[in-house]
Every structure is written in structure tokens, then in C-alpha cells.
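**Q** Structure for this input, please:
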Amino acid sequence: MAIYLPPLQTTQMNIRTAAAAIALAVLCWIPLPAATPLMPLGEVKAGMVGIGRTVFEGAKLEEFKVHILGVLHNIQGPHRDLILARLEGGPLAKTGVAAGMSGSPVYIDGRLIGAVSYSVGSFPTDAIAGITPIDEMKDATAMVSRTPTRQARIDLPITREGLTAALTATYARLAPFANRPADIQVFGMPAAAGAQLGAMLRPIATPLVMSGFEPGSADMLAAAFGAAGFTPVIGGAVGGQGGAEVKSLSGPLREGDAIGVSLVGGDLEMGATGTITHIDGDRIYAFGHPFFGVGPSQFPMTRAYVYAILPSLMSSFKISSMGEVIGTMQQDRATAIAGTLGKGPAVIPMAVTLNSTREDGAITKRSFNFKIANDQVFTPLLTYVALANTLTAYERQFGAATFSVKSRAQIKGHGDLTLEDVFTGDSATLGAATAIAGPITMLLGNDREPITVNGLDVSIEASESSRTSTIERVWLDEVRPRAGRTVPLKVLTRSYRGEEKISTVPIEIPANASGSLSLLVTDGRQLNAMEQRDLRRSLQPQSVTQMIRVLNDTRRNNRIYIRLLNGRPGAVVNGEALTALPPSVLSVLEADSNGGSYTPIRSAAVGEWELTMDSAVTGSRVLAIDVEARTAGR
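**A** Below you'll find the model as predicted:
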């Protein structure tokens, strides 16, 4: 049914449309070019000659010649085709198809046919490339969903092997075009030659830019991401702030320009670079193969500056750095990445303050700011790496150290996730980084509701000594304390240097207590182990609010925990621990236990206290006490 609009309404609509386009261009400072006409795959024939465009150095757009050899059809993937071509011109005779060229647009008679995206293994003698058809790039990224829905996890502390395994398990592998020549249908060239060549085609490696990382962190990331199909490139200006060349990137965005996808920015830079294939209004298509194959995503897209292209017989690559944010990558699919121009997605600001005390008493204060991509897997990974990298770069890498850590993560719609703890010894860096990134990993991986971290603030007091204390002895001055009274519990601790300290904790004996009770005085690690065995195995948070509370109450290294135990049973009901329940209540709960929300507790605490120390505490003591029953009137 046609709808008629009066001339005035039509004019007003055109004005509004034009105004919206102008506003977007002004916001991004990027004029929007007219859309390039496209050539369907059916019109592409062997023997055609076209031109490709990419940046080999700086921001200069250069052309190279493209000779179409034929079209490959993979019967394992319906409607998944690849144009086979030979490239020549510029530095290609020395470099071959280089990492960073992914997405370079190819035109025939001024019409875009697709993106250079595949190359032939290592040590090629000719620049043979696979070109992903533009129709497949647009079709695959036309999904309406923009909310990531994947479930994934990286185990902490992060190791090279663990990170490699997590990336392999979590994200789609950059697979070859075909697993065997028999799977390929060839048009326009000898079938045997085309099939054999098609089976050798792999997605062009993506340069992974890393700046500001100390060697240990850089090696771990390079090894893990290298196994996932990236070419790690270490160096360059951090955050696009260190070089005038990067700052000078301006003017209209063009097909063939370098583009970046940022994972972390600020005082660290980490992200991938490639090439823009197509610009359609405010919509950008690039790469011609996946970034990680995550589907819906929210990563910042940036301009990129190419310093040079490094020739290599094994794998040439562009040395580049990322610049200002120009939009959001919203889709990461098998044939392309795609996004829109704009101010970019929300990222997580992470502020780290490091105060280092040396043996002579001098204190050095440093501040760092990072911008972490908001993603279920990458957020905890990058949080961990940013913190561990900072401590490793500025504190001793060998020998004892102590870090007093305070952190606060702001969770949208919920209370803050907080930490105050002490980490000491030879693995203090791993302990501190894990303690902050671990809870964030659990929150982002929950199956209750999506989580948004609005910000993360970390303050660290560092010293080059080991601060530990051991629980040596506990006692009460009263041999037989009376129920209903408060008695002082004495705790003797000894530092690693042999210094003794007596701390006093007031213990309130319940008014209804009598007979034999026990006082458990222990460190956080051992209390965690006991509760995991007797209680928390059944204590599964039923909501995000409950999860945050449990995480905030996690036992700390710098606490002495005291539990007054009477051996009376309790229960876990709907994720909440209820201790010392009357028999009548336990009977009701047990009768309704088929619902799965009830789990018994063998013994219960009738009193809980904790003592904060200025060092990491180890040790455990149990004190048996005999409580005198309270008499009437006393």
C-alpha cells in the first residue's frame, strides 16, 4: 500500500534526514562519502583485472593491480565463496600478502567486488590472495542483535598455556577456506590447480598491536594470541598519544584506510589492525574474515597509522599504531567485522595508584589510567594483565614483596565490589592481580543477568619486604566464662622476623550457652577451605546482589577469623546460611527438602569476629572452653 505525503511533509522529512547525517559527521569529525557501487559475485570472471587499495606506509592510500584467477566454491559451506587473485604492485613483490592487508578493497570497473582476506601459507613465491565477496560480508554482518550472549571463562591466575586454551575454546578458530581439495568447486581455472590452491588458503594474520607491556606480559600475550591467528607487534605509541603522526590522522575516512579494534587503551595499548573494505553511510565493513568470531560485540573502532611494512619470507606485516576512536564494532562474523561510526562504545575506566616504599623509606607515587573493553572474557583478562604488568614493571620481579591493596569496582544497578587485603611473598603480584580480576570474572560470567562495570579504582601500597604473621597461641584469662558475659580473647602472633604481638578480641558469650564450646581462631585460607567443605559447597548465590555480597565477604589474607562453635546444626536455604536453628525449624525445612533449596549444616557458629592485621596471617588454633550457664537474675 502506497502512502502519500504532502510536499511539506516530504520536505521536512528530507531536512530531518539531512540534519541527522550532518550531525553524525560533525560528531565524528569524519565526512561520510557516497556509497561505492557493488559488483555481484556472478559477474566476476577469470581474466578480469582490477585494482586494490590499502595503506603501505603512513596514511597514504596506494593502489595495486589485481588479476582475477577464478572463483572457489566450498561445498562444506553453502554460499561461502572466495575469489582467487594474483596481486602485484607497490611492495607486494617483496612482501607478498602482508598481515594488516585484511579488508583491502578490490574494484573492477569502479565497482567493489570484495576484500583481500586470505593468503597462501608461508614462504609463497607469488602474492596469491583470496578475496571475500562484498555481498557475503554485508549479509553476514546484517544481524540485528547487538548484545553479546556467549558464556566463557579464563581461569586465574593466567598462564600462557591457560590463556591459549581459553582463547582456543572460547573463540572461533581462523579456519582455512577448505580442509581438503575435494571440498572445493572451481570456476574459471583448471579444477585441480584451483582446488589444491584453495585448500592452502588461510585467513591473513591480523597484527596485534601491544604497547606499554613489560617483556614477561608481552611474551605471554604474544604466545597465546599468536596461536589464535594474530601476529603480535610490540612497540609503537601508546594510545595514539606518543607520536605526531598518529595525531595527524584526520579528514574523510576512505575505503582502504587502516582501521583498529581496541581492547585496551590509555597507558597501555592493545588491539588489532586491518583495513576498511566498504563505507555505506555510517556503516563500516572491514577485515573480510573474523576478528575473533564472537558475533555481537561492543569494541571501540579506531583510526590506525602504518609506520612501515616489514617484509618477511614467513609472514610480512604492517607495523602500525591505533589512533582516536571513530565508532563501535558491533558484529564479528565469519566473513567480516562491521560497525558504525560514532563516539564509540562505553569502556571501563581503570585507575591504578601505586605508592612504592623503598628500604631507605623513600616513597614513590605513580598513577596509571587504562580503558578496558567491556566484554565477558576480555574485561577480566585485561584487568588482570594491566595490574600484573604495572606491578611487574615497577616493582621487583624476584624476591619477597608485599602489596596492600584496596579496590572498588562500580557495578551498574548494584552495590560496589570491594577488596581490602595484603599479598606477600614471592607470588604477591599474581595474588593481587587474581584477587581483583577473579571476582569480576565471576560476575561477568553469571547466568542471572548481564553485568556492566562502570569503573574500577585500585590503590596499592608496595614494599620490598615480606610482611607475614603466624598465629602462635590463643587463650582466655577466665577458666570458665559465664554465659551472657563478654570476655577478652588473647591472640599471640609472631612476625617473620620473630617479633611477638598480643591482640585482644572481646568475645560475647551467648546468654543461652552452656557446657562445652570451642573457639576456632584461624587464617582466611583455612577458613575458606573449611567452609567450602562444610558449607559453601551448597551456598550458591541466587542473585547478582547475593553474589556481590558473598564476594565482598570472601576471607582475606590480612584477617584473623574467630568462630565460637557449639556443634548445633543449621541449614543453607535459598543460598543463605542459617545457623543454630531450633529442631522444630529444621524439621520443617527437612520435610520440604525435595525442592532442592535446603542443605543441612553439621555444626554452627554462635558468634563470629575478625581481627584486621597489617600483615598476611597464617595458622590456626582451636580453644575448648566450658561455659557456665547463666543463672536467674545474673
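
**Q** pLDDT weak spots in the stretch 201-350 of the chain?
**A** The model of the stretch 201-350 of the chain has pLDDT under 70 over residues 235-248.

**Q** And the helices in it?
**A** Here the stretch 201-350 of the chain has its helices, by DSSP state H, counting those that start in this stretch, at 215-226, 244-247.

**Q** residue contacts, the residue nearest the centre of the chain?
**A** With distances taken as CA atoms, centre = their mean, the residue of the chain nearest its centroid is residue 378 (1.3 Å). By CB atoms under 8 Å, 6 or more residues apart in numbering, the residues touching residue 378 are 263, 372. Every residue, glycine included, has its C-beta placed from N, CA and C.

**Q** confidence score at it?
**A** Looking at residue 378, its pLDDT is 87.

**Q** Let me know the helix or strand that residue 126 is in.
**A** Assigned by DSSP states H and E, residue 126 belongs to no helix or strand.

**Q** Next secondary structure after the helix or strand of the chain with the lowest mean pLDDT?
**A** Within the chain, no helix or strand scores below helix 7-28, which has a mean of 44 by mean pLDDT, DSSP states H and E. As assigned by DSSP H and E, the chain's next helix or strand after helix 7-28 is strand 49-55.

**Q** Tell me which other helices or strands that next one touches.
**A** Here strand 49-55 touches strand 61-74, strand 104-108, strand 111-120, going by 3 or more CB pairs under 8 Å, 6 or more residues apart in numbering; DSSP states H and E.

**Q** okay, these in a markdown table with mean pLDDT, mean neighbour count and distance to residue 130 next?
**A** Output for the helices and strands packed on strand 49-55, formatted as a markdown table (pLDDT from 0 to 100; neighbours: other CB atoms under 10 Å; distance: least, CB to CB, whole Å):
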| stretch | mean pLDDT | mean neighbour count | distance to residue 130 |
| --- | --- | --- | --- |
| strand 61-74 | 93 | 19 | 7 |
| strand 104-108 | 98 | 26 | 11 |
| strand 111-120 | 95 | 27 | 3 |
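
**Q** could I get those strands as a markdown table with distance to residue 141?
**A** A markdown table is the format used below for these (distance: least, CB to CB, whole Å):
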| stretch | distance to residue 141 |
| --- | --- |
| strand 61-74 | 19 |
| strand 104-108 | 15 |
| strand 111-120 | 12 |
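
**Q** Between these, which one is closest to residue 98.
**A** Ranking these by proximity to residue 98 (CB to CB) places strand 111-120 first, at 8.5 Å.

**Q** Check which element follows that closest one along the chain.
**A** For strand 111-120, the following helix or strand on the C-terminal side (DSSP H and E) is strand 128-133.

**Q** if we can go back for a sec, hey, which of the helices of the stretch 201-350 of the chain is tucked in deepest?
**A** The highest mean neighbour count among these, using mean count of other CB atoms under 10 Å, belongs to helix 215-226: a mean of 18.

**Q** just how off-centre is it within its chain?
**A** Distance, stretch centre to chain centre, for helix 215-226: 15 Å (CA atoms, centre = their mean, to the nearest Å).

**Q** Please name every helix or strand in contact with that helix.
**A** helix 160-170, strand 206-211, strand 230-234, helix 378-394.

**Q** by how many degrees do it and strand 206-211 diverge?
**A** Here helix 215-226 runs at an angle of 170 degrees relative to strand 206-211 (axes from the mean of the first three to the mean of the last three CA atoms, to 10 degrees).

**Q** Could you pull up phi and psi at residue 497?
**A** Taking degrees, to the nearest 10, you get phi -90, psi 0 for the backbone angles of residue 497.

**Q** can you pull out the strands in the stretch 401-550 of the chain?
**A** 401-411, 417-425, 453-463, 468-476, 486-495, 500-508, 515-523 (DSSP state E, counting those that start in this stretch).

**Q** If I average pLDDT within each of the ones you listed, which one is lowest?
**A** The bottom spot among the strands of the stretch 401-550 of the chain, by mean pLDDT, belongs to strand 515-523, with a mean of 88.

**Q** Tell me which strands that strand pairs with, and in which orientation.
**A** Partners of strand 515-523 in the sheet, by DSSP bridges, are strand 559-565 (antiparallel), strand 620-627 (antiparallel).

**Q** Enumerate the positions of it that are buried.
**A** For strand 515-523, the neighbour count (16 or more other CB atoms under 10 Å) marks 517, 519, 520, 521, 522, 523 as buried.

**Q** and the nearest residue in space to residue 58 that is not next to it in sequence, what does it touch?
**A** Using CB to CB, 6 or more residues apart in numbering and skipping the chain neighbours, the partner closest in space to residue 58 is residue 306 (6.3 Å). By CB under 8 Å, 6+ apart, residue 306 lies in contact with 55, 56, 57, 58, 59, 100, 258, 318, 319, 320.

**Q** So which elements touch the helix or strand where residue 355 lies?
**A** Assigned by DSSP H and E, residue 355 falls within strand 348-357. On a contact count with 3+ CB pairs under 8 Å, 6+ apart, strand 348-357 meets strand 363-372, helix 378-394, strand 453-463.

**Q** what is residue 404 paired to in the beta sheet?
**A** Beta-bridge pairing of residue 404 under DSSP bridges involves residue 422, residue 461.

**Q** distance of it from residue 426?
**A** 17 Å (CB to CB, to the nearest Å).

**Q** Check residue 322 too.
**A** Separation of residue 322 from residue 426 (CB to CB) stands at 36 Å.

**Q** More neighbours: which of these two?
**A** When residue 322 and residue 426 are compared for neighbours, residue 322 comes out ahead with 32 against 11, by other CB atoms under 10 Å.

**Q** Quick check, that one in contact with residue 209.
**A** Yes. Contact criterion CB atoms under 8 Å: residue 322 and residue 209 qualify, at 6.1 Å.

**Q** hang on, the earlier thing: so can I have a markdown table of the helices of the stretch 201-350 of the chain showing distance to residue 72?
**A** A markdown table is the format used below for the helices of the stretch 201-350 of the chain (distance: least, CB to CB, whole Å):
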| stretch | distance to residue 72 |
| --- | --- |
| helix 215-226 | 27 |
| helix 244-247 | 38 |
